[in-house]
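1. my questions are about this predicted structure, shown below with the sequence.
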Amino acid sequence: MFHIEDQVDLQALSESAELEFKLAQGKNGKGKLPDDFWPTYSAMANSRGGYVVLGVREKKGKLTLAGIEDIETVRKQLFDTAGNRDKVNINLLTNDCVQVVSVEGKQLLVIEIPAARREQKPVYLKNQPMKETFIRLHEGDHRCSEEQVKRMMAEQVESSRDDKILKGFDFSDIDPDSLSVYKNLFAAAKPQHPWLELDLFDMFKKIGGWRKDRQAGVEGVTLAGVLMFGTWEAIQDAAPHYFVDYRERDEANTQRWIDRVYPDGSWSGNVFDFYRRTYRKLITDLKVPFELQEGVRLDESKAHEAIREALVNTLVHADYTGRSSILIVKRPDLFGFRNPGLMRIPPEIAVKGGESDCRNRRMHQMFLMIGAGERAGSGIPKIYSGWEAAKWRTPKLYEKQSPSEQTLLELSTASLIPNEVTDLLGSLFGDRFYTLDELEQMIVATAAIEGWVNHERACQLTSKHSRDVTLTLPRLVDKGFLVASGVKKDKSYSLPGMDPPSPEDVFSNALTSLDNLTHNVDSLTYNVDNLTHKDSNLTHRSLVDKDNKSDSRDSQGRLISDQIDKPFVYELDELAEAFRLELVQLGAQAREQRRLDTNTMKQLILELCKGHYISVAVLEALLDRKAQSLRQNYLKSMVSKGELKMAFPHKPNSPMQGYTSVG
C-alpha cells in the first residue's frame, strides 16, 4: 500500500501533489486527529485520491518525524468522525485504508483517501455542499465554487449527459444536410444495415437523436441529436457555452493561425460537421507508408487512426455545460485536443484501457455507426499505440482545474529519441544509459529533449502511479543522470551541466551583452500549459540587493543577461525615465478604471510585456492590481493559451518570474 522506510523516502515523497503531511499531536502531545484533516479528505476524494500522513511536522518545506504516541485514539477519532453524517456526507474509508508505519522509531498513521466515484461526488462537510466542498489543486485544498458543485451533482445523476430530452425542440431544429451526409457515411460503413431503408426522421430516432421517456410520458429531441446535427440557433439555445474551434499554425511558437474552422455562420456549427471539416484538415500532411493487408494497400496509417480517435474522444467526452471551448490545434510539431470537463476515468487508468465512463454515450454511438471512434475503454490505448507505432514522443494526457475544468491531449510529432539526443546521452553516460529501465530512460531522454523535466511531466510519460515516478526521480539523481534544483513541488531536473538558467543565475550573473547567447528559451520545446503559479503576496520591490546590483542594462534600463532571450524589467526605479513613463502611460487605463473588462486588461498586459520580460511586481504597480489577482485571473490562462511566455518555465512559482508576449 504505502512503502516508506526512512527520512530519505519521506523527503522524496513530499514532492507529490497527492500527499499531505499533518502533525496530529493535540494539546497534550499524545495525539489528536487534526481539524484540518477533513477539508483534505473532501479535496482528495473529489479529485484523484491521495495519502495523508499523520505524525510528521512540515515547516518551510522541511519534514521532521514527530510520531504519534496514542495512535489508536487517533484511529478511533478518524472512523468515528468519518461515520458522522453531520461532519461528512459519505465515508470512503475502510480498515485497509489506514496503516501504521514505523519510521526510525516513530509511529506514523498513513491514511489512504480513495477517489470518490462519479456517483458519490460531491464529498462535502457539515451538510453544506455549496460552501464546504473542496478540491485538490497543486497548492493544496481549495473550496469549490457553486458552479463546480452543481456540475458534480449533474455528473452524479446523469450517467449520459447527452440523453436528456429537450423541451420545446423538434425535428425542425435539425440540419437536414448534416443528417443526409451522416446517412451516406452510415451506408458506406454498414451497407446492409436495415436502418438505411428508413427516412431521415425515423433513422434519426433509431440512432438516438429522439427518445421516449416512458416513465415521464414525454418524448422529443435529445441533447445528443441537437449537438450532433442541430442548427446553430438550436445549439445555442440547448447549450449556451457551446463553441468548437480548429486552428492551424505554421509555426510552433506563435499565436498566428493560417487556417481556422469555427461557427461563423457559413456552416451549421454542429459537432458532426465540425468533425468532418476538422478531420480532413488534421490528416492533410500525414504520410501513408506502403502497407498491405490481405493483398490490399491500406490508405491510412496508425497515426491516422490515432488522430481520428483523439478527435472523436474529445467530442464525446466534452462537458458541453462547461465554460471552455472545444479547441483543436494543428502545428508542425504537435496536434492538440482540448475539451471542457475533467475525465470521468483517471488519466493513468484511461491509458491502460478496459474501463469507460463516456459522458455523451449517444453521441459516441452515433460516431461508432459510421466507423469513427473505438469501443468503450479502448480509445486512449489506441491513440497511444498509434503514436508508438509512428515512433513519436509519448502523448500527454492531463487535466486542468483553472481557469476552468478541462482535459487536454497533446500528440507531439517529435521523434521518440532523436539521433542527436541518443548521441548526447551516449557521450554523457555511455552504456550506463541502457542499464536504466524504460521509465528511467524516458525521463532522462525527456530532460535531454525538453531541457528539463519535473514530477508532473514525468507522470505524463507513464501509466504507472505517481508514487513510482516520485521515487524514480531521486534515484536518477543519486545515479548521476539528473541534477535537481528547487524544492518540493517547484523542483525540476536536468542533465548534469545542462540545467536551464534559474532566476538566481540571471539576477546575480547578468552580463553586459547579448552577443554570445548560450541559452535561448525559445529552443525549449516543452509546452507549459499544465504549469501553474503559486499565489504569493508580492509587493513592488527590487528582486536583487541594491548594494550588489549589476550595471548590465540596456539603454532603457532593463536587465540584460546572456541566459535569457530578452531584456528583463524587474524594477521601475531602475528604468530610463522616458521608458518608465511610457510603461506608466500604458497602464494608466487600468489604474484609472477599477472595473475593466477582461479583454481590455489582457491587451494591456500584452502591450506591457512586449519586447521584454516583466515581473509580477512591476505589473502590480503599473496596473494597480494585486499580484495574486493578476496571476489567477490573467497570467495563468494567458500562459496556458500561449499568449505569454515565462522567463523560467521550469520554475513557475518563483517570485522572480517574468512574462513576455508571444509573437
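-> Happy to help now that I have it.

2. looking at the sheet around Glu399, what are its partners?
-> Thr407 (DSSP bridges).

3. burial count for it?
-> Using other CB atoms under 10 Å, Glu399 is surrounded by 16 other residues. All C-beta spots, glycine's among them, are computed from the backbone N, C-alpha and C.

4. for Asn339, see how far away it is.
-> Going from Glu399 to Asn339 by CB to CB, to the nearest Å gives 11 Å.

5. now do the domain split for this protein, please.
-> Residue ranges for the domains of the chain, per automatic domain parsing: 7-157, 165-415, 419-496, 507-661.

6. so Lys206 makes contact with Trp195?
-> Yes. Using CB atoms under 8 Å, Lys206 is in contact with Trp195, at 5.0 Å.

7. can you list the domains of the chain in a markdown table and add mean pLDDT?
-> Formatted as a markdown table, these follow (pLDDT from 0 to 100):
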| stretch | mean pLDDT |
| --- | --- |
| domain 7-157 | 88 |
| domain 165-415 | 89 |
| domain 419-496 | 85 |
| domain 507-661 | 73 |
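
8. joint contacts of Lys206 and Trp195?
-> Common neighbours of Lys206 and Trp195, counting by CB atoms under 8 Å, 6 or more residues apart in numbering, are absent.

9. could you measure from the residue of the chain most remote from its centre over to Met203?
-> Relative to the centre of the chain, and counting by CA atoms, centre = their mean, the farthest-placed residue is Glu197 at 45.2 Å. Noted for Glu197: a distance of 9 Å to Met203, by CB to CB.

10. would you state the helices of the stretch 551-663 of the chain in chain order?
-> 577-586, 588-592, 598-608, 616-623, 627-630, 636-640 (DSSP state H, counting those that start in this stretch).

11. and of those helices, who's closest to Thr422?
-> For Thr422, the closest of the helices of the stretch 551-663 of the chain is helix 636-640, at 31.6 Å, according to CB to CB.

12. using CSV, list the CA coordinates for the closest one.
-> The C-alpha trace of helix 636-640 is given here as CSV (Å, rounded to 0.1, in the frame of the first residue of the first chain):
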residue,chain,number,x,y,z
LYS,A,636,-2.0,31.7,-15.8
SER,A,637,-4.6,31.5,-18.5
MET,A,638,-2.5,33.6,-20.9
VAL,A,639,0.5,31.3,-20.4
SER,A,640,-1.8,28.3,-21.0
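
13. how far away is Ala187 from Tyr570?
-> 65 Å.

14. the more surrounded of the two?
-> Each of Ala187 and Tyr570 has its neighbours counted (other CB under 10 Å); Tyr570 has more, 24 against 14.

15. tell me the phi and psi of the more buried one?
-> phi -120, psi -10 (degrees, to the nearest 10).

16. quick check: it touching Val616?
-> No. Checked against CB under 8 Å, the pair Tyr570 and Val616 is beyond contact range at 10.1 Å.

17. count of residues packed around Ser159?
-> Neighbours of Ser159 under the rule other CB under 10 Å: 13.

18. list the contacts of it.
-> Residues counted as contacts of Ser159 (CB under 8 Å, 6+ apart) are Arg361.

19. show the pLDDT at it.
-> pLDDT for Ser159: 77.

20. on the three-state scheme, it is what?
-> Secondary structure assignment for Ser159 (DSSP: H, G, I helix; E, B strand; the rest coil): coil.

21. ok, it to Gly49 distance?
-> Taking CB to CB, one finds Ser159 at 22 Å from Gly49.

22. for Met153, same thing?
-> Met153 is 20 Å from Gly49, by CB to CB.

23. and for Ser561?
-> 43 Å.

24. who has more neighbours, these two?
-> Per other CB under 10 Å, whichever of Ser561 and Gly49 has more neighbours is Ser561, with 26 against 16.

25. returning to what we had before: most packed of the helices of the stretch 551-663 of the chain?
-> Of those, the one with the most neighbours on average (mean count of other CB atoms under 10 Å) is helix 616-623, at a mean of 22.

26. quick one: that one to helix 577-586, angle?
-> Counting by axes from the mean of the first three to the mean of the last three CA atoms, to 10 degrees, helix 616-623 lies at 70 degrees to helix 577-586.

27. mind giving me the packing neighbours of helix 616-623?
-> Helices and strands touching helix 616-623, by 3 or more CB pairs under 8 Å, 6 or more residues apart in numbering; DSSP states H and E, are helix 577-586, helix 588-592, helix 598-608, helix 627-630.

28. quick one: residues in contact with that helix.
-> By CB under 8 Å, 6+ apart, helix 616-623 touches 538-541, 543, 569-572, 583-584, 586-587, 590-591, 601, 604-605, 608, 625-627, 630-631, 635, 655, 657, 659.

29. the inter-axis angle of that helix versus helix 598-608?
-> Per the same axes, to 10 degrees, the angle that helix 616-623 makes with helix 598-608 is 120 degrees.

30. CA atoms of helix 616-623 as PDB?
-> The C-alpha trace of helix 616-623 is given here as PDB (Å, rounded to 0.1, in the frame of the first residue of the first chain):
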ATOM      1  CA  VAL A 616       4.600  40.500 -11.500                       C
ATOM      2  CA  ALA A 617       5.700  43.100  -9.000                       C
ATOM      3  CA  VAL A 618       6.100  45.700 -11.800                       C
ATOM      4  CA  LEU A 619       2.800  44.700 -13.400                       C
ATOM      5  CA  GLU A 620       1.200  45.100  -9.900                       C
ATOM      6  CA  ALA A 621       2.400  48.700  -9.700                       C
ATOM      7  CA  LEU A 622       1.600  49.600 -13.300                       C
ATOM      8  CA  LEU A 623      -1.900  48.100 -13.300                       C
END
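
31. which stretches of the stretch 251-400 of the chain form helices?
-> 271-282, 302-316, 347-352, 361-369, 379-389.

32. mind putting those helices in CSV, distance to Glu450 included?
-> As requested, the helices of the stretch 251-400 of the chain are exported to CSV (distance: least, CB to CB, whole Å):
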stretch, distance to Glu450
helix 271-282, 24
helix 302-316, 21
helix 347-352, 19
helix 361-369, 34
helix 379-389, 17
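
33. out of these, which is closest to Glu119?
-> That would be helix 361-369 among the helices of the stretch 251-400 of the chain, by CB to CB, at 15.5 Å.
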